[in-house]
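[1] need a 3D model of the sequence below.
(one chain, ligands or ions: 1)
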Amino acid sequence: MLKVHSLVKSFSVDAGEVRAVDELSFLVPKQEVYGLLGPNGAGKTTTLRMILGLLDPDQGYAEVEGIRTAQDPIAVKSRLGFVSASDGVYPWLSVREMLLYFADLYAVDPDVAHRRAEELSGMMGIEKLLDRRAGTLSTGQRQRVTLVRGLIHDPPVMLLDEPTRGLDVVGVQTIFEYIDHLRDVGKAVVVCTHRLDEAERLCDRFGLLHQGRLQYEGTMGELRAATHREHLVDMFVDLMSTATA
Ligand SMILES: Nc1ncnc2c1ncn2[C@@H]1O[C@H](COP(=O)(O)OP(=O)(O)OP(=O)(O)O)[C@@H](O)[C@H]1O
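    Down below sits the predicted model:
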């Protein structure tokens, strides 16, 4: 379970201050896919960075499986998996070497790591690539490797930042199947994406973020009832026009 409680983060810019995240709270239980959605500058990346312990909040906290990031950042990192569209691979390592290297960073037992690398690679259809140098992979193949890498330490909470960016239809389908798998095996999953159509299909519940604040939260049915709009894209257009009016 992931808990975000009253997170606040401001940045000094020019002569003023931007409140990037403003009293943000939400919960993601196991076996749920939560879409943290918002237009450019809404505060999504800043929130993810605070959950990951890469940025200190001004107020509030993030808690993973009952452990607060500020209290025990290493324990929290070992319980989080992070997959981002901008993830790189180590070009000179083979896929297997890279997976085992990451498992080692997370102190996964070597036998367990070997077994998991094989199992997850089979699941993501990259078992034939295990001994290929990562630098020779296509974008879609690299993406599958980063998905496997995000799960190599079997974290209970997964954060996915723009996971379908730059992918073709097969790559996007792979992400959909991966997220279904994460839900099936009981992970708590947060997905940040600008692809609102994909989010509607992927996520169980949503937090609509604008100017650092959670404007609406709920299932698609609850959001429809609250906004009188059918689709996320229309909810967003309304939100942005209200805020800038
Ligand atoms: N290091 C920083 N210094 C100053 N301002 C920052 C910094 N990081 C983020 N911001 C500001 O905080 C606000 C939220 O940014 P953030 O990157 O969290 O938004 P986002 O929702 O991820 O946007 P996008 O969808 O465009 O990636 C923006 O106004 C941004 O300019």
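
[2] how about the strands of the chain, start to end?
    For the chain, strands defined by DSSP state E occupy the ranges 2-13, 16-28, 32-37, 59-64, 67-68, 80-84, 157-161, 188-192, 205-210, 213-218.

[3] the third one pairs with which strands?
    Read that as strand 32-37. Paired strands of strand 32-37, with direction, are strand 188-192 (parallel), strand 205-210 (parallel) (DSSP bridges).

[4] same question for the last one.
    When pairs are called by DSSP bridges, strand 213-218 turns out to pair with strand 205-210 (antiparallel).

[5] right, so the strands paired with strand 32-37: which one is the most enclosed?
    Stretch with highest mean neighbour count among the strands paired with strand 32-37: strand 188-192 (a mean of 25; mean count of other Cβ atoms under 10 Å). (Each C-beta comes from the backbone N, C-alpha and C, glycine too.)

[6] the strands of the chain: lowest mean pLDDT?
    Ranked by mean pLDDT, those end with strand 80-84 at the bottom, a mean of 91.

[7] quick check: angle from that one to strand 59-64?
    100 degrees (axes from the mean of the first three to the mean of the last three Cα atoms, to 10 degrees).

[8] next, the angle from strand 80-84 to strand 2-13.
    Strand 80-84 runs at 50 degrees relative to strand 2-13, counting by the same axes, to 10 degrees.

[9] quick one, strand 80-84 and strand 157-161 angle?
    If you take the same axes, to 10 degrees, strand 80-84 sits at 10 degrees to strand 157-161.
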